[in-house]
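**Student:** Fold the following and give me the result.
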Amino acid sequence: MNRNDAPKTPATFHVKSFGCQMNVYDGERMAEMLGERGMTAAAEGAEADLVILNTCHIREKAVDKVYSDIGRMTREDGSRPMIAVAGCVAQAEGSEIQRRARNVDIVVGPQAYHRLPDLIDKAGRGEAAVDTDMPLASKFGALPARTKQARPTAFLTIMEGCDKFCTYCVVPYTRGAEISRTWSAILDEAKALIDGGVREITLLGQNVNAWEGQDDKGRTQGMDGLVRELAKIDALKRIRYTTSHPNDMNDGLIAAHGDEPKLMPFLHLPVQSGNDRVLKAMNRSHSADSYLRIIDRVREARPDIALSGDFIVGFPGETDAEFEDTLKIVEQVRYAQCYSFKYSPRPGTPAADMDHQIPAALMDERLARLQAVINRHQAEFNAATVGRRTEILLERKGRHPGQLIGKSPWLQSVVVTAPDLSIGDMVEVDIISAGPNSLAGQPSRRKAA
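**Tutor:** Predicted structure coming up:
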């Protein structure tokens, strides 16, 4: 199979996004762009003319999965779709992807996907279709207006890139330097989403709380100012954000958690390790103590806040005692949920060349111990919610007739049986039981506003 076997003018498409929420956002924007071109999303179960693999490069297994998916694209009759590899793997590997997988027609990085229609045309003509540029001009201005969303929640990217250069991370190399979108562009996109039925917006960025811009009166604003402005829109009921960095968790944003009701009581604030030597080796630029002081201030502002974090076990040189420090910080914070991973060396990052790489078996053992503690805390947090009355935003259907699933303010999935309610409703519920990953709720007598 070679690139000339692909459809010349694809009419249908399917976008498969891997990894972070920003990839989900990018996938939605690609779909909207292709829709404006006249293409349609392939029906569920149907074979698309164009398949876009919107990739993640954070861990080695994610990269392997992309190549595995590419290898399965050829159909029984020998035909195949036009294949595009987008996202961070595309940025990191460029034309090397087409050398490894001859049936890939298009390679496009995360800062260049607004040029996807032109690349499709090039691929249809049998021309080289690789674009991994990181143009200074914002791609967002080249994207179409937001369309009506199928769900009442939406992601909205407000900044991209990263200037932190953690030694294990490829993001500065695949997404570029930190760039904040303008105040007006963010508000315009938010209003378009809300006009289309969205009731909850999650603001996105690699370091989302580093966002900074000028408001419509020329005043410099941080993300707290942006949150407060968005909260003035009546039809918008909830605001969330991710992913934040401890160094950008400033006084204004902490205060907003205490006095802006639409900003949900949930904070994802990665620490990665509980040991200062490891944090320094990671170039995290904060200490365990400074991180804990931030947590204390956030909890003082919003006592009911739920906390989430990221952890890496088995960073090069991590000793048993240093890993124990990570367990200690987890016990101290008691996260409502967490993401935890074994260290995965990424080519081109400083940590990949560090001495004292940790054996896989030891990383497995440490990860199991860490996740046992995290899972216990999550179950305890969920159990403590039983008996509480709260609002949920219904987002999707459940497994059984009349069953709907929504999110609590603390980002827990809540399952209710309510045939008279609809997706998009906000409803007051009593939490009646809790499992390790979800809650069961019973609607109270009234629907929320």
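**Student:** remind me which residues of the protein are low pLDDT?
**Tutor:** 1-7, 59, 136-137, 445-449 (pLDDT under 70).
**Student:** residue with max distance from the center of it?
**Tutor:** Asp77 (36.9 Å; Cα atoms, centre = their mean).
**Student:** Helix, strand, or coil at that residue?
**Tutor:** Recorded secondary structure, Asp77: coil (DSSP: H, G, I helix; E, B strand; the rest coil).
**Student:** do Met22 as well
**Tutor:** helix.
**Student:** and it, what does it touch?
**Tutor:** Phe155, Thr157, Glu160, Leu204, Gly205, Gln206 (Cβ atoms under 8 Å, 6 or more residues apart in numbering). Just so you know, the C-beta spots here come from the backbone N, C-alpha and C atoms, and that holds for glycine as well.
**Student:** From Pro144, how far off is the first one?
**Tutor:** This means Phe155. Here the criterion is Cβ to Cβ, to the nearest Å. By it, Phe155 lies 16 Å from Pro144.
**Student:** which of these two has more neighbours?
**Tutor:** Phe155 (23 against 13; other Cβ atoms under 10 Å).
**Student:** you'd agree that one is in a helix?
**Tutor:** No - counting by three-state DSSP, one finds Phe155 to be strand, located in no helix.
**Student:** what pairs with it across the strands?
**Tutor:** In this entry, Phe155 is beta-bridged to Thr202, by DSSP bridges.
**Student:** My understanding was that it contacts Gly205; is that so?
**Tutor:** No - assessed by Cβ atoms under 8 Å, Phe155 is found out of contact with Gly205, at 10.6 Å.
**Student:** My guess is Thr220 contacts Glu212. True?
**Tutor:** Yes - contact criterion Cβ under 8 Å: Thr220 and Glu212 qualify, at 6.7 Å.
**Student:** give the contact list for His57.
**Tutor:** Applying Cβ under 8 Å, 6+ apart, one finds that His57 lies in contact with Val63, Gly87, Cys88, Val89, Gln91, Ala92, Val170, Thr174, Arg346.
**Student:** ok, of those, which one's closest to Leu404?
**Tutor:** Gly87 (31.9 Å; Cβ to Cβ).
**Student:** Which residues are in contact with the closest one?
**Tutor:** Applying Cβ under 8 Å, 6+ apart to Gly87 gives the contacts Ser17, Phe18, Gly19, Asn23, Asp26, Leu53, Asn54, Thr55, Cys56, His57, Gly109, Pro110.
**Student:** And for His114?
**Tutor:** Met33, Lys139, Phe140, Ala142, Leu143.
**Student:** repeat for Met159
**Tutor:** For Met159, counting by Cβ under 8 Å, 6+ apart, the contacting residues are Glu178, Ile179, Ser180, Arg181, Gly205, Gln206, Asn207, Val208, Ala210, Trp211.
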